[in-house]
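**Q** take this sequence and fold it.
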Amino acid sequence: MKKLGIMVVAAMSFMGVLAAAPVAATPTVQAKTKVSITSKKSISTQKYQIDQSKAKKAYAYKSDMKKKAFKLSSGHSTVFYAKAQETVKVGKSSRLYYYVKSSSNSKMAGWVWHGYLMKPLMSKSALAKLVASGPDLDPSSTILNQPSAFYSANRAYLTKEFNMSGQLTTFKNHQARVYIADPALKTYTQKAMSVWNKALGRSVFISGTSKKHDLVVATKSSKQWDGLNDGSHLYISSNALKDKTYMDSVADTPEIRALYNQYENVADAYKNAPNDSAEKDAYLTQGHTLYDELIAAQKAAAPSATAYWEGVIVHELGHSLGIDHTPYLTDIMYAKTSDDGFSSSVNGKYDWSAPKDPSDTRLEAPSLSNRDIDRAKLGMELGYW
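**A** Sure, this is the predicted structure:
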């Protein structure tokens, strides 16, 4: 059974994401600028909210478009109704404004530039229903196609419901530079990078150098894990990598799990049987038979070393994209348990100690499930890469 992990550095929180967020230009109507209304009309009532990511220092204006009505940041979660629009010429430029009025506070009314408005965010109850009705741990296309304010407002909830690990590796413009320090890992890593890049439709992982990089791929001695990602380094176990017989022990199929459980049960029965009894001898013989069958099954299902190590690195790069483990064997991000005792435990939707899809064979190749891809896309929307 392969062991893969993630080491989360507590200090790496959302601060990096917030610091990297671009500041939107904020058009304002100034008293010294010539202002004229060129057109005005009534419209069918529409619901809006203020896009706080764009309107932090902006205001709504009174009918003369010079006096401020209220600061837009004060309407953080307020629903506004718009019933009129007008085109305002400010200097040489024209801007579209809507007259909005709060549904709960009549004093919050005024003309607002359309760029500060957005359709009301999905309510928390509606989001909860959407998550509950969808595939487990797999964000739907509806969830993946929301305005940026939605992800800011629901970051903690989405992170937990979809087993997201948060920001781990530093990205710039949605790219991370990867430096492969050990030549033995070059082809494996290049393949793993291309798998994610193709699945996400963009060059997320690009080649870095020893001096300019965001993630270093290297080997490290360990008998506890096959791969480990601490955000700045992605390590592959040098012990396992050099072991030519290692592939004979990593396969994970329903047959292998059944034989292993049978073997464990017989081993326990052997320990509890009376010494020097026929019963104990029978258990010993049965145990030897099951052991031989288990070894044969593992060898028969063994993946190639190339496919296996490429898959391990695909898994570890997934952590850099902000996604944590799942209990699904068909996901590249599968882990046998939510808390393996050597890496950071999954602070997710639920705990587990067995696969949710026990009739399936574990994915041990450079491939991705839809759940892997969708969660990685959610990671981008949440600002984790």
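**Q** so where's this structure uncertain?
**A** For the chain, the stretches with pLDDT under 70 are 1-32.
**Q** would you map the helices across it?
**A** With DSSP state H as the criterion, the chain has helices at 15-20, 124-133, 148-153, 155-161, 186-200, 238-242, 254-272, 278-300, 305-320, 370-381.
**Q** indicate which one of these is closest to Gly91.
**A** Gly91 lies closest, by C-beta to C-beta, to one member of those: helix 148-153, at 29.0 Å. Bear in mind the C-beta positions are built from the backbone N, C-alpha and C, glycine included.
**Q** restrict that closest one to CA atoms and write it as PDB.
**A** Provided in PDB are the C-alpha atoms of helix 148-153 (Å, rounded to 0.1, in the frame of the first residue of the first chain):
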ATOM      1  CA  SER A 148     -15.300  35.800  -7.000                       C
ATOM      2  CA  ALA A 149     -17.300  37.200  -4.000                       C
ATOM      3  CA  PHE A 150     -19.000  33.800  -3.600                       C
ATOM      4  CA  TYR A 151     -15.700  32.100  -3.000                       C
ATOM      5  CA  SER A 152     -14.600  34.800  -0.500                       C
ATOM      6  CA  ALA A 153     -17.900  34.500   1.400                       C
END
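**Q** list the buried ones in it?
**A** Buried positions in helix 148-153, judged by neighbour count with 16 or more other C-beta atoms under 10 Å: 149-153.
**Q** can you list the helices of the chain in CSV and add distance to Asn173?
**A** Shown next, in CSV, are the helices of the chain (distance: least, C-beta to C-beta, whole Å):
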stretch, distance to Asn173
helix 15-20, 9
helix 124-133, 29
helix 148-153, 16
helix 155-161, 20
helix 186-200, 14
helix 238-242, 33
helix 254-272, 43
helix 278-300, 44
helix 305-320, 15
helix 370-381, 11
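**Q** nearest to Val90, of those helices?
**A** Per C-beta to C-beta, nearest to Val90 of those: helix 148-153, 25.6 Å.
**Q** list the contacts of that closest one.
**A** 49, 51-53, 118, 121-122, 158, 381-383 (C-beta atoms under 8 Å, 6 or more residues apart in numbering).
**Q** also stretch 60-80?
**A** Stretch 60-80 has contacts (C-beta under 8 Å, 6+ apart) with 29, 31, 35, 37, 47-50, 52, 55-59, 88, 97, 100-105, 107-112, 116-117, 120.
**Q** what is the end-to-end distance of that stretch?
**A** Start and end residues of stretch 60-80 are separated by 12 Å (C-alpha to C-alpha, to the nearest Å).
**Q** now it, how far from the centre of its chain.
**A** Computed by C-alpha atoms, centre = their mean, to the nearest Å, the chain-centroid distance of stretch 60-80 equals 36 Å.
**Q** one more: stretch 241-249?
**A** Relative to the chain's own centre, stretch 241-249 is displaced by 31 Å; criterion: C-alpha atoms, centre = their mean.
**Q** buried residues, it. List them.
**A** Buried residues in stretch 241-249, defined by neighbour count with 16+ other C-beta under 10 Å: 241, 246-247.
**Q** now stretch 41-56
**A** For stretch 41-56, burial by neighbour count (16+ other C-beta under 10 Å) applies to 48-55.
**Q** export those residues to a markdown table and tack on distance to Met164?
**A** Below are these laid out as a markdown table (distance: C-beta to C-beta, whole Å):
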| residue | distance to Met164 |
| --- | --- |
| Tyr48 | 29 |
| Gln49 | 25 |
| Ile50 | 27 |
| Asp51 | 24 |
| Gln52 | 22 |
| Ser53 | 20 |
| Lys54 | 25 |
| Ala55 | 27 |
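**Q** quick check: the farthest pair among the residues you listed?
**A** Tyr48 and Ser53, at 14.6 Å, using C-beta to C-beta across the buried residues of stretch 41-56.
**Q** burial check on the nearest residue to Ala109 once chain neighbours are set aside, number of neighbours?
**A** Spatial nearest neighbour of Ala109, chain neighbours left out: Lys101 (4.1 Å); criterion: C-beta to C-beta, 6 or more residues apart in numbering. Neighbours of Lys101 under the rule other C-beta atoms under 10 Å: 16.
**Q** so Lys101 makes contact with Trp111?
**A** No. Using C-beta atoms under 8 Å, Lys101 makes no contact with Trp111, being 10.8 Å away.
**Q** just to revisit the earlier point, let's see which of the contacts of stretch 60-80 end up in strands.
**A** In this view, those that belong to strands under DSSP state E are 35, 37, 47-50, 59, 88, 97, 100-102, 109-112, 117.
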